[in-house]
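# Quick one: sequence plus predicted model below, questions after.
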Amino acid sequence: MSADQRWVSDAQYRCIRAGLRVLSAWTRSARDPEAALARAVRYEPDGGQVVVGLATVARLLAMELAAATGVSEREVLERTGATVERLQFAATPKSG
């Protein structure tokens, strides 16, 4: 594949790599993942690239998960949203 036939532009590739670096730092940390995430984001010189990169990586992961489970990307994201809601409010005591 020549430079003219690359999958994404050089700028898009840099964004994806930035997103992957941030996620990799976050997932590699066993002791304090939240601090590792904060450091990784601060370490990146271009916050805009990180945002685009994280969004692109999220879309790629949704595509992979959709293909693996036989559902659409939209369904993957809807299920993820439902899981977030369930987890967020699972321990909320009911008043009454």
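On my side now, so go ahead.

# Next one: the residue nearest the centre of the chain from residue 76, what distance?
Central residue of the chain (C-alpha atoms, centre = their mean): residue 58, 3.9 Å from the mean position. Noted for residue 58: a distance of 10 Å to residue 76, by C-beta to C-beta, to the nearest Å. Where C-beta positions appear, they are placed from N, C-alpha and C, glycine not excepted.

# pull the CA atoms of the helix or strand containing residue 64 into PDB?
For residue 64, the host element (DSSP states H and E) is helix 47-69. Coordinates of each C-alpha in helix 47-69 appear next as PDB, following Å, rounded to 0.1, in the frame of the first residue of the first chain:
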ATOM      1  CA  GLY A  47      -5.500  17.300  23.900                       C
ATOM      2  CA  GLY A  48      -7.500  17.600  20.600                       C
ATOM      3  CA  GLN A  49      -5.600  14.600  19.200                       C
ATOM      4  CA  VAL A  50      -6.400  12.600  22.300                       C
ATOM      5  CA  VAL A  51     -10.100  13.300  22.100                       C
ATOM      6  CA  VAL A  52     -10.300  12.300  18.400                       C
ATOM      7  CA  GLY A  53      -8.000   9.300  19.100                       C
ATOM      8  CA  LEU A  54     -10.100   8.100  22.000                       C
ATOM      9  CA  ALA A  55     -13.300   8.500  20.000                       C
ATOM     10  CA  THR A  56     -11.800   6.600  17.100                       C
ATOM     11  CA  VAL A  57     -10.500   3.800  19.200                       C
ATOM     12  CA  ALA A  58     -13.900   3.500  20.900                       C
ATOM     13  CA  ARG A  59     -15.600   3.200  17.500                       C
ATOM     14  CA  LEU A  60     -13.100   0.600  16.400                       C
ATOM     15  CA  LEU A  61     -13.700  -1.400  19.700                       C
ATOM     16  CA  ALA A  62     -17.400  -1.100  19.100                       C
ATOM     17  CA  MET A  63     -16.900  -2.500  15.600                       C
ATOM     18  CA  GLU A  64     -14.900  -5.300  16.900                       C
ATOM     19  CA  LEU A  65     -17.400  -6.200  19.600                       C
ATOM     20  CA  ALA A  66     -20.300  -5.900  17.200                       C
ATOM     21  CA  ALA A  67     -18.600  -8.300  14.800                       C
ATOM     22  CA  ALA A  68     -17.800 -10.700  17.600                       C
ATOM     23  CA  THR A  69     -21.300 -10.700  19.100                       C
END
